[in-house]
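S.K.: Sequence unavailable; structure follows:
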């Protein structure tokens, strides 16, 4: 392995020193595991809701949402509020008694999951979760 601009023994010493100091390994791992997803959960009493967004799902969609309502037989359902990277907004749901997946048309900037009580029209929501952009230059 040759490093441009460093010759011979100096290159070998630089590689050994960098690996020993943990310089190269984290950089390579970071590039391979660029974060592009986030998840959030929220509880209302004994009901529990989760949502996850992936801005690089690998299926051709710009983004993907999975949401879940874990408590069955109550009046609550999962709703996810989404702000896209272009600052537009959408609400997805409600999902009752199970899970849903939704192919999204744009990359997500932030989202929250809520428990919706449809019979009285009230929501209780999680804090916002922020999804790191797929490419740093998009930020």
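M.R.: Ah, there it is. Everything numeric in this text was worked out from a predicted model, so none of it was measured. Numbering: from 1, shown residues only.
S.K.: give me the beta-bridge partners of residue 115?
M.R.: residue 78, residue 124 (DSSP bridges).
S.K.: residues contacting it?
M.R.: Contact analysis of residue 115 by Cβ atoms under 8 Å, 6 or more residues apart in numbering lists 42-44, 47, 49, 69, 76-79, 123-125. Glycine gets a C-beta too; all of them are placed from N, C-alpha and C.
S.K.: Just the buried ones among the residues you listed, please.
M.R.: Buried members of the contacts of residue 115, scored by 16 or more other Cβ atoms under 10 Å, are 42, 44, 47, 49, 69, 76, 77, 78, 79, 123, 125.
S.K.: Farthest-apart pair in those, please.
M.R.: Spatial extent of the buried ones among the contacts of residue 115 (Cβ to Cβ) is set by the pair 69 and 125 at 14.0 Å.
S.K.: Please name the bridge partners of residue 100.
M.R.: Where residue 100 sits in a bridge, its partners, by DSSP bridges, are residue 67.
S.K.: from memory it sits against residue 66, does it?
M.R.: Yes - with contact defined as Cβ atoms under 8 Å, residue 100 reaches residue 66; the gap is 7.4 Å.
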